[in-house]
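sharing a model that was predicted from the sequence below.
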Amino acid sequence: MNNRELILEIYQRLLDRYSRQNWWPSDSRFEIIVGAILTQNTNWSNVEKAINNLKKNNLLTPEEMYQCDSQILAELIRPSGYYNIKTKRIKNFLKWLFENYDGQIEALEPLETSYLREELLGINGIGKETADSILLYGLEKPTFIVDAYTARIFGRHGLIDSYWGYDEIKELFESNLDKDAKLYNEYHALIVTLGKEHCKKRPICKGCPLESLAHEIEEYF
DNA sequence: GACCAGGCACATC
DNA sequence: GATGTGCATGGT
């Protein structure tokens, strides 16, 4: 199998095993953006606690959150961990949104994907994965998200070497798949679902739907 | 108690 | 450019 076939085969197996994930669970684009920052290196169940706190306090709009005192905001998102730095990151995003787009998330929709990605990367606290999560899940732009699981899983299957950078891995997927936001959405979600179940840092893959495909099941980071 | 989770920025060499 | 460290909570 060549890379393209392997990438499609893996997608199909994941879909067969786990079915559609329908990410990102949320009530609004803004909630997705906030969630993308809160979930940085953090378990999703902790993020849900933080999001619920924000909902209870009616803070899940750009206006309300921008006005909100940072100490209060930090206390509410505390369950998501790194709460002080994440407060700053959310405020940095909002400052950018208000200074450039009048606080309107909708104003981002017509912008070109690669331009918007660069803009987001210019905000302190938003790196590549967070920017791509905002673009793909928040704004339905076709951009592939790479995360720790992606590198680990596809490294084990010989498609990626450990020295590959984020953009190289992203390009591997984008050049072998149709430029389709819905497809990228499902694929990333399925990778995370698989990762949670089978691909923790320990290289144990018993019962993994990709078991028979793997030819490099060894420690890979 | 150790390890991990849907990262990122910054310091240092 | 690569490598190390701080940021912090909650579940297993």
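Perfect, I can see it now. Numbers count the residues shown, from 1 in each chain, chains lettered A, B, ... in the order given.

now do the SS call for the residue most central in space within chain A.
Computing the C-alpha centroid of chain A and ranking residues by C-alpha atoms, centre = their mean puts A:S133 first, at 3.9 Å. Going by DSSP: H, G, I helix; E, B strand; the rest coil, the secondary structure assigned to A:S133 is helix.

ok, it - contacts?
A:24, A:32, A:36, A:39, A:145 (C-beta atoms under 8 Å, 6 or more residues apart in numbering). Heads up, the C-betas are built off the backbone N, CA and C, glycines and all.

thought A:A36 was touching A:L135?
No: A:A36 sits out of contact with A:L135 when judged by C-beta atoms under 8 Å, with a separation of 9.6 Å.

care to break chain A down by domain?
Here chain A is described, according to automatic domain parsing, as comprising the domains A:3-22+A:145-177+A:193-213, A:29-138.

so which bits of whatever helix or strand A:I153 lives in are buried?
Assigning secondary structure by DSSP states H and E places A:I153 in helix A:148-156. Judged by neighbour count using 16 or more other C-beta atoms under 10 Å, the buried positions of helix A:148-156 are A:149-156.

is the lowest-mean-pLDDT helix or strand in chain A anywhere near DNA strand C?
Considering only helices and strands, the least confidently modelled element of chain A by mean pLDDT, DSSP states H and E is helix A:148-156, at a mean of 91. No: with C-beta under 7 Å from any atom of the strand as the criterion, DNA strand C is not reached by helix A:148-156; the gap is at least 12.9 Å.

stretch A:41-61 too?
Yes: when contact is scored as C-beta under 7 Å from any atom of the strand, part of stretch A:41-61 falls within range of DNA strand C: A:41-43, A:45-46, A:49.

in JSON lines, list these along with secondary structure, pLDDT and neighbour count.
Shown next, in JSON lines, are the residues of stretch A:41-61 next to DNA strand C (DSSP: H, G, I helix; E, B strand; the rest coil; pLDDT from 0 to 100; neighbours: other C-beta atoms under 10 Å):
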{"residue": "A:N41", "secondary structure": "coil", "pLDDT": "98", "neighbour count": "8"}
{"residue": "A:T42", "secondary structure": "coil", "pLDDT": "98", "neighbour count": "16"}
{"residue": "A:N43", "secondary structure": "coil", "pLDDT": "96", "neighbour count": "12"}
{"residue": "A:S45", "secondary structure": "helix", "pLDDT": "97", "neighbour count": "9"}
{"residue": "A:N46", "secondary structure": "helix", "pLDDT": "98", "neighbour count": "16"}
{"residue": "A:K49", "secondary structure": "helix", "pLDDT": "98", "neighbour count": "14"}
